[in-house]
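make a model of this:
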Amino acid sequence: MLAVNARHRVSIVRATMLMNLVPEEKGNLGARMTVGIQGSFGILHYALLAFMSTSPPPHSQEPRAHHGSSLTRDLLERGFRPACNADYEDMVLKAQPADGSIQCHASTNGLISLHLDDDPVWSRQYDPNDPETALWIRAARTREVTVVGGDNLQISNEDIDVRTAASKGSLVTAKVPTVWIGQPN
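Numbering: from 1, shown residues only. I've put the predicted structure just below:
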């Protein structure tokens, strides 16, 4: 499934779930997607990983305060910055590098994982011959992976919806390096 946002000329390849390697009590969920942005020489593809805590954030009297889950606070401490809106193009192009403690690990065999302090948070083995996986791997090989995290994300097999998180001020983004397991194509 390919959705196109004509206003920003952004194409979003269907989000695919990442399996959770974190014990259930941590309550985290993740997904990957590819964002295509029209440039002067064609579409540039960017790899994106989204993850969130499924445990409810503590209540705050300040509607846009960043008092969300410990995951969101931890990401802010690691160099993530609040996203101003739910526009994927804006997030991908404006995300700044995190502090280096978060990395995406990938292989040309389709293994994609996210690591915090060298500990795996999510990992999923994809079929490298699947066109969506191949596109994500090519995008991750070309540039950093944009990581989107926070509270109130809606992640499904078909979509990553960040509008509620952005409106509540709990959406954070950063670029993280990709560590290749084996040699990229």
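
so where do the helices sit in this structure?
70-77, 88-94, 131-142, 163-167 (DSSP state H).

and the first one, what does it pack against?
Under the contact criterion of 3 or more CB pairs under 8 Å, 6 or more residues apart in numbering; DSSP states H and E, the helices and strands touching helix 70-77 comprise strand 42-53, strand 145-150, strand 171-176. The way it works is simple: take the backbone N, C-alpha and C, and place the C-beta from them, glycine included.

check which residues of that helix are buried.
Buried residues in helix 70-77, counted by 16 or more other CB atoms under 10 Å: Leu71, Thr72, Asp74, Leu75, Leu76.

what residues does Lys94 make contact with?
Ala83, Thr173 (CB atoms under 8 Å, 6 or more residues apart in numbering).

now do the same end-to-end measure for stretch 164-180.
With CA to CA, to the nearest Å as the measure, stretch 164-180 spans 33 Å from end to end.

so Ile181 is in contact with Ala106, correct?
Yes: counting by CB atoms under 8 Å, Ile181 touches Ala106, with 6.9 Å between them.

which one of those two is surrounded by more residues?
A direct count of neighbours by other CB atoms under 10 Å for Ile181 and Ala106 places Ala106 higher, at 25 against 13.

low pLDDT regions in this protein?
1-28, 53-68, 157-158, 183-185 (pLDDT under 70).

residue closest to the middle of it?
Centroid-nearest residue in the chain: Leu49, 2.2 Å away (criterion: CA atoms, centre = their mean).

who's in contact with it?
Here Leu49 is in contact with Leu18, Gly30, Ala31, Arg32, Cys104, Ile112, Leu114, Trp122, Val145, Thr146, Val147, Val148 (criterion: CB under 8 Å, 6+ apart).

measure Tyr46 to Tyr126 for me?
Computed as CB to CB, to the nearest Å, the Tyr46 to Tyr126 distance reads 17 Å.

more neighbours: which of these two?
Tyr46 (25 against 20).

the more buried one and Asp119, how far apart?
Applying CB to CB to Tyr46 and Asp119 gives a distance of 25 Å.

for Ile43, same thing?
When Ile43 is compared with Asp119 (using CB to CB), they lie 35 Å apart.

tell me which of these two has more neighbours.
For Ile43 versus Asp119, neighbours defined as other CB under 10 Å are more numerous around Ile43 (12 against 9).

what pairs with the more buried one across the strands?
Beta-bridge pairing for Ile43 (DSSP bridges): Gln38.

before we move on, the earlier item: for the helices of the chain, give me CSV that also has distance to Thr173.
Formatted as CSV, the helices of the chain follow (distance: least, CB to CB, whole Å):
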stretch, distance to Thr173
helix 70-77, 9
helix 88-94, 5
helix 131-142, 16
helix 163-167, 10
